[in-house]
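Student: got a predicted structure plus its sequence, pasted below:
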Amino acid sequence: MINVGVLGATGAVGQRFVQLLADHPWFHLEALTASERSAGKKFGNVVNWRLDAPFPESIGDIAVTPTTVESVKNCDLVFSALPADIATSIEADIAAAGVAVCSNARSHRMDPIVPLVVPEVNPDHLGLIDVQRDRGRDGFIVTNPNCSTIVLVMALAPLRSFAFRDVRVATMQAISGGGFSGVSAMDIYDNVVPYIGSEEEKMETETLKIMGTFDGAEVQDAPFSVSASCHRVPVVDGHTLAVWVDVENPVDEVKKAYASFKSPFSNLPLQPAKPVEIFDQPDRPQPRLDRNRGRGMTVSVGRIREGLRFVALGHNTIRGAAGASVLNAELIYSKKYL
Ligand SMILES: NC(=O)C1=CN([C@@H]2O[C@H](COP(=O)(O)OP(=O)(O)OC[C@H]3O[C@@H](n4cnc5c(N)ncnc54)[C@H](OP(=O)(O)O)[C@@H]3O)[C@@H](O)[C@H]2O)C=CC1
Ligand SMILES: N[C@@H](CC(=O)OP(=O)(O)O)C(=O)O
C-alpha cells in the first residue's frame, strides 16, 4: 500500500478525497491536515460531514494535523484540497521534501514543468515528472484541471480528429464549486450569478494545455481557441456546459466518435466503465439525474445537434476535483512514478 495524506481534508473537496480513499485498494490514508482551527482534533469530531455518502467511520479517529511538511513526512503521496493561496508554497515545499503531490488547487496548473493531466486525454504529459526531477525536485507535483475545464476537455477529446479551431462554451455551475462557505444562500436562492472569478480565463487556458502536444520537454498549446462564459446556478453538485464547436461533420459521425471513445487504461480502480456517456433523449443530461454516473466519474453528453452544438455535464467535486486527482494518482502509480 502507498501511504497517502489529504491536505485540506475538512473542506468540500477534502471530504470527497476522504470518501474515495477510505477503502482504496492501493492507497492507505495516513495523514489528514487542515488549518490551525481544526488541528489537534479527531477528524470525526472536527469535520462537518456534508456529503451524500456515509461518513467512513474507520477514518474518524485519525488526528487532524496542521498543514506542514512535517505532518506528511510518512506519506509517499499527498492529495491537495487547499485554497490556492495556501497551496502555492506548501505544495512546492512538500514536493521538495521528496513527496509526490496530486493537487486540485489552481496554483501550479499552468507551470510549464507541472503536468496538468486527465488520464483519458493526455496521460503522456506525466513525462513532465522527469523534467521536474531533472531540475532537482525529489518529489513532484501533478495537477488536475478546474472543474468546468475537465468536463469540457472530456467532451472535446473524442472530437480531436475533426480538427476544430473554435470552441465556445457557457457554463451552469453548481454551488459546491465555491466550497462550503463560498456562495451565500441570499446570493444564489431564486437566482443566477453570471460571474465566477477567473473561471473563464482558466477554461480558456487550461483546455489548450491539456489538449496540447508534449515533445518530451515541454507542452505546446492545442491549436484552437476557447471562449467561455461562466455562471453560478442553484444546483448543489454538477456543472452543466452548453458547447459550440466548429465541426461541420454530420451528427451521426460525431456520435460514432463519442461511442468509440475509450480510456487507454483498464486497470485503474476509479476509472469509469464509460468515460463519456451519450444521451439521445432531448432533455438529458441533467445534474440531479446524471451527475453520479460512473460513481461521479463519467461525463454525460447530450443534445448533439448540427453546428456542432451539445450539452455536457460532470460531477464537479468528483470528476471535477477529488476523483480526478485520485485517478491521476492511480495512473502515476501504475506507471511506476511512485
Ligand atoms: N469545490 C470544487 O468543486 C472544486 C474546488 N477546487 C479547488 O480545491 C481547493 C479546495 O476547495 P474546497 O474544498 O471547495 O474549499 P473549502 O473552503 O471547502 O475547504 C478548504 C480546506 O482547506 C483548509 N484550510 C483553509 N485555510 C487553511 C490554512 N490557512 N492552512 C491550512 N489549511 C487551510 C480548510 O481547513 P479548516 O476546515 O480547518 O478551515 C479546509 O480543509 C481549492 O483550491 C479549490 O479552488 C478545484 C476544483 C473543484
Ligand atoms: N471555481 C470553481 C471551483 C474551483 O475552485 O476551481 P479552481 O480549482 O479552478 O480554482 C467553481 O466555482 O465551480
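Tutor: Cool, the structure landed. This is a predicted model, so every value here is computed, not measured. Ligands and ions are numbered 1, 2, ... in the order given.
Student: which other residues reach whichever strand or helix holds residue 200?
Tutor: According to DSSP states H and E, residue 200 maps onto helix 199-210. Applying CB atoms under 8 Å, 6 or more residues apart in numbering, the set of residues contacting helix 199-210 from outside is 106, 109-110, 116-118, 121-122, 125, 145-146, 148-149, 152-153, 156, 167, 169, 171, 173, 219, 221-222, 224-230. For every residue, glycine as well, the C-beta is placed using N, CA and C.
Student: swap the cut-off to 7 Å and go again
Tutor: Outside helix 199-210, the residues that touch it by CB atoms under 7 Å, 6 or more residues apart in numbering are 106, 109-110, 116, 118, 121-122, 145-146, 148-149, 152-153, 169, 219, 221-222, 226-230.
Student: ranges for the strands of the protein?
Tutor: Here the chain has its strands, by DSSP state E, at 2-7, 27-34, 64-66, 77-80, 100-103, 140-143, 166-172, 213-214, 219-220, 225-229, 239-245, 276-278, 299-305, 309-314.
Student: please see if the last one touches ligand 1.
Tutor: No - no part of strand 309-314 sits close enough to ligand 1 to count as contact by CB under 6 Å from any ligand atom; the gap is at least 10.4 Å.
Student: quick one: work out the angle between that strand and strand 166-172.
Tutor: Computed by axes from the mean of the first three to the mean of the last three CA atoms, to 10 degrees, the angle separating strand 309-314 from strand 166-172 equals 50 degrees.
Student: residue of the protein closest to ligand 1, please.
Tutor: residue 11 (1.9 Å; CB to the nearest ligand atom).
Student: next one: that residue from residue 322, what distance?
Tutor: 10 Å (CB to CB, to the nearest Å).
Student: overlap of the contact sets of the two?
Tutor: residue 81.
Student: which residues touch the residue nearest to residue 182 when sequence neighbours are not counted?
Tutor: Closest residue in space to residue 182, ignoring its immediate chain neighbours: residue 175 at 7.4 Å, by CB to CB, 6 or more residues apart in numbering. By CB under 7 Å, 6+ apart, residue 175 lies in contact with 183, 188, 232, 234, 235, 236.
Student: take the residues you listed and write them to JSON lines, including neighbour count.
Tutor: Output for these, formatted as JSON lines (neighbours: other CB atoms under 10 Å):
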{"residue": "183", "neighbour count": "20"}
{"residue": "188", "neighbour count": "18"}
{"residue": "232", "neighbour count": "23"}
{"residue": "234", "neighbour count": "16"}
{"residue": "235", "neighbour count": "20"}
{"residue": "236", "neighbour count": "14"}
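Student: and residue 142, how close does it get to residue 325?
Tutor: 8 Å.
Student: which residues do those two both contact?
Tutor: The contact lists of residue 142 and residue 325 share residue 102, where a contact means CB under 7 Å, 6+ apart.
Student: out of the strands of the chain, deepest packed?
Tutor: strand 77-80 (a mean of 29; mean count of other CB atoms under 10 Å).
Student: can I get the strands of the chain in CSV with mean pLDDT?
Tutor: Converted to CSV, the strands of the chain look like this (pLDDT from 0 to 100):
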stretch, mean pLDDT
strand 2-7, 98
strand 27-34, 98
strand 64-66, 98
strand 77-80, 98
strand 100-103, 98
strand 140-143, 98
strand 166-172, 98
strand 213-214, 98
strand 219-220, 98
strand 225-229, 98
strand 239-245, 98
strand 276-278, 97
strand 299-305, 98
strand 309-314, 98
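Student: so for ligand 2, which of those strands sits nearest?
Tutor: Taking the strands of the chain one by one with CB to the nearest ligand atom, strand 239-245 is closest: 6.4 Å.
Student: just want the residue of the stretch 201-338 of the chain that's nearest ligand 2.
Tutor: Taking CB to the nearest ligand atom, the stretch 201-338 of the chain has residue 202 as its residue nearest ligand 2, at 5.1 Å.
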